[in-house]
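Engineer: Sequence plus the predicted model coming up.
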Amino acid sequence: MPAYRLYVDTEAGELCYEGVQIGEDELVGDFLEGIIRELEETGAAVAGSSAGDLRLIWNEKELDVSATLPEQGVAPDDTLRILAETYEGGGIGLRQSLVESDLQLLKDLEDRNPGILNVLSIDRRSLEETVEVRISGTPGIERLESNGPVLRNEHRFRFVFPRFYPEMAIACYCLDPLFHPNVSPETLFFCLWARFSALENNIVQAICRAQAATALRIVNIRKQHWLNPQAAQWYIAQGKSPREVAFPYKQLVTFSVAGDRIRWIDPKDTKNRLKSNKPTRAHL
Amino acid sequence: MRTRFDQWFKKAITNASENAHDIGGSQWPQYEKNYANPVGEVHIWEYQPEDPETAAVQIVTQTSVYDAICQQAHDALPNETGGFLLGQVGRDIARQRWHLYIEYAEPVVPLEADPTHFTFTWRDVERVRTLRGKTGKALIGWYHTHPDLGVFLSRTDVEKTHNSLFNDEFQIALVFDPIRGTAAYFCRDGKAVKAVPHDEFHLEFRGDT
């Protein structure tokens, strides 16, 4: 069987395979499909498919998938390359790029948390993109009555990517009343951040923080972060440790397990996310 | 054709010589000397990854490469453009360090280009890889411009090109904003390429002189 030299881009880099055997009557399309599958099985996943359909290139020509190599003049020992049709570059702007990335992270987070996180809407029509979500299974105080707090387990939030993101932080608004030291009763603005860096913080953290803060796992009791003084005074008056005040809830899953490995939705944020899971009075 | 990079370079030399003086070392010669040996100007850029298992990178670029890129970027304005970086790759096993020496910029012929986007085809890739074979050089990475958009790797850059064509551990991307006159290299850190620059440098087209 005639053999060829094959160059292919894989996730581990560009590799060169010598002596790749291709039958004289094998159609290029069948070979291409087969070799891609074979490489994936050996752990050398072919890169480039996200750029477009993969082609078999020989001598600066794209080979016809419905014909054999000899029919197209390819001789044994010739060099073949697997390449995509086109490649792209695009500086859509750092802001837009980060928003795109955050929206992908949001989708990943929703996929990993069925029944807990629902994305209700994504609005990209204005200068400030907004995302509305519902978080379930998380107790938060809807209002305070004379006999104690009235809890609600479902909460809707609106996250806003400000016009000057990433210089300015992702803003969060409750869509349902929430009695919380860091939520304004008038505007329902939810103060999530004491400091913000878009390079370290993203929509995943914003949602995880909103969930943890709703359940009073994290509360910023510094006075400059009080948006509801009555709620802040109530919280302090409990006189208990944050862990005792906090309501139990099922935390959003921010990772998946494949075999013996953990894949974080956003690996660089692992440290911060782990930190935010520890209850503390002034962590926000 | 010259770029304002040479001004930046001279400033860097002055700083280096001042620093050397401060620590008692010898100063870099400030005067022009007629070297008998060919001496080229280079720019050195280094990256120490956060991931402990990723090797550090030192990039040495001939300033003539920047001249070519600046000219191409200027000619393409207001649109984006790009190309490939060719040179030599060395691996310092003892110090876990890649040494990249960039000698040529090989432009692509964009299939489409506008101020925020450009595409090139497999023909450009085939051409540069054939050139690589003929010259014995390594394909070190790619470069492209972001006119007035700032220096970073967009999602498109990463997914549609970098992760498709430049997955070797040492391969890098150079992004250049010809309007703002800034540029930066992007290296792998762990499994992914860093999309935000850790260090920008000044690189500005000055036109023919």
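Structural biologist: Everything's here; your move. Residues are numbered from 1 along each chain as shown, chains lettered A, B, ... in the order given.

Engineer: Just the pLDDT at A:F164, thanks.
Structural biologist: At A:F164, the pLDDT value in this model is 83.

Engineer: That one and A:D9, how far apart?
Structural biologist: Distance of A:F164 to A:D9, computed by Cβ to Cβ, to the nearest Å: 38 Å. Bear in mind the C-beta positions are built from the backbone N, C-alpha and C, glycine included.

Engineer: Mind checking which of those two has more residues around it?
Structural biologist: Taking other Cβ atoms under 10 Å in any protein chain shown, A:F164 and A:D9 do not tie; A:D9 has more neighbours (26 against 11).

Engineer: Wasn't that one part of a strand?
Structural biologist: Yes: the assignment for A:D9 is a strand, going by DSSP: H, G, I helix; E, B strand; the rest coil.

Engineer: could you say what helices and strands the host helix or strand of A:R158 packs with?
Structural biologist: Using DSSP states H and E, A:R158 maps to strand A:155-160. Counting contacts by 3 or more Cβ pairs under 8 Å, 6 or more residues apart in numbering or on different chains; DSSP states H and E, strand A:155-160 packs against strand A:130-135, strand A:171-174, helix A:203-214.

Engineer: Which single residue of chain A ends up nearest chain B?
Structural biologist: Closest approach between chain A and chain B, counting by Cβ to the nearest Cβ: A:G91, at 3.2 Å.

Engineer: Would you confirm that that residue contacts B:F152?
Structural biologist: Yes: the pair formed by A:G91 and B:F152 meets the contact definition of Cβ atoms under 8 Å, at 7.5 Å.

Engineer: got the domain boundaries for chain A?
Structural biologist: The record's domain split for chain A, according to automatic domain parsing, is A:3-84, A:94-276.

Engineer: Mind checking if stretch A:37-46 is in reach of chain B?
Structural biologist: No: Stretch A:37-46 lies apart from chain B when judged by Cβ under 8 Å from any Cβ of the partner chain; the minimum separation is 9.5 Å.

Engineer: Could you tell me the end-to-end distance of that stretch?
Structural biologist: Distance across stretch A:37-46, first residue to last, is 9 Å (Cα to Cα, to the nearest Å).

Engineer: contacts for stretch B:37-57?
Structural biologist: Outside stretch B:37-57, the residues within contact range by Cβ atoms under 8 Å, 6 or more residues apart in numbering or on different chains are B:5-6, B:9, B:58-64, B:66, B:91, B:95-98, B:100, B:169-170, B:172, B:185, B:187-190, B:198-199, B:201.

Engineer: and with 7 Å instead?
Structural biologist: Contacts of stretch B:37-57 with the rest of the structure, by Cβ atoms under 7 Å, 6 or more residues apart in numbering or on different chains, involve B:9, B:58-63, B:66, B:96-98, B:100, B:169-170, B:172, B:185, B:187-190, B:198, B:201.

Engineer: Buried subset of those residues as a ChimeraX selection?
Structural biologist: Buried members of these can be picked out in ChimeraX with the line below, counting by 16 or more other Cβ atoms under 10 Å in any protein chain shown:
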select /B:9,58,59,60,61,62,63,66,98,100,170,172,185,187,188,189,198,201
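
Engineer: just the contacts of stretch B:37-57 that are near chain A?
Structural biologist: Subset of those in contact with chain A: B:E169, counting by Cβ under 7 Å from any Cβ of the partner chain.

Engineer: Touching, A:A215 and A:G137? I think so.
Structural biologist: No: here A:A215 lies out of contact with A:G137, judged by Cβ atoms under 7 Å, at a distance of 9.8 Å.

Engineer: got any residues that touch both of those two?
Structural biologist: Listed contacts common to A:A215 and A:G137 are A:Y249; contacts here mean Cβ under 7 Å, 6+ apart.
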